[in-house]
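In: curious how this folds, go ahead:
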Amino acid sequence: MTSFTELYVFVLAAFVGYQVITRVPPLLHTPLMSATNAISGISLVGSLVAAGAHETPISTILGFIAVTSATINVVGGFLITDRMLKMFKQKPKDTDGKRP
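Out: Down below sits the predicted model:
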């Protein structure tokens, strides 16, 4: 692939990703994000391969940007999932039977 093609694919993927995420209703965003952590992990592995290929300087830079973005996505997904699961935990009862 030429550098122009790689840049074109990167810009197209960023545009499509933005369009998909902005169309998701807020009610579905948290369950969807927790369900896609595995997909984010796969894109992290793919971006590591792209960054490590060292074909051209632009592909290395775009690979680094992809690694950074995928890492933020994976970490953010786990943080949101953890926060969502904390909402469903029962709060401990006080000794007098009332909740704090």
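In: could you list the buried residues of the strand or helix carrying Ile58?
Out: Ile58 belongs to helix 57-87 when elements are defined using DSSP states H and E. Of all the residues in helix 57-87, those buried under the rule 16 or more other CB atoms under 10 Å are Ser59, Leu62, Gly63, Ala66, Val67, Ser69, Ala70, Asn73, Val74, Gly77, Ile80, Thr81. C-betas here are computed from N, CA, C, even on glycine.
In: make a markdown table out of those residues and add distance to Gly46 and pLDDT.
Out: Below are the buried residues of helix 57-87 laid out as a markdown table (distance: CB to CB, whole Å; pLDDT from 0 to 100):
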| residue | distance to Gly46 | pLDDT |
| --- | --- | --- |
| Ser59 | 13 | 83 |
| Leu62 | 12 | 86 |
| Gly63 | 9 | 86 |
| Ala66 | 8 | 86 |
| Val67 | 10 | 89 |
| Ser69 | 12 | 88 |
| Ala70 | 8 | 86 |
| Asn73 | 13 | 82 |
| Val74 | 13 | 82 |
| Gly77 | 16 | 76 |
| Ile80 | 22 | 76 |
| Thr81 | 22 | 74 |
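In: which among those residues gets closest to Val49?
Out: Nearest to Val49, judged by CB to CB, of the buried residues of helix 57-87 is Gly63 at 8.0 Å.
In: which residues touch the closest residue to Gly52 other than its chain neighbours?
Out: In this structure, Gly52 finds its nearest non-sequential neighbour in Gly63, 7.2 Å apart by CB to CB, 6 or more residues apart in numbering. Applying CB atoms under 8 Å, 6 or more residues apart in numbering, we find Gly63 in contact with Ser47, Leu48, Val49, Ala50, Ala51, Gly52, Ala53.
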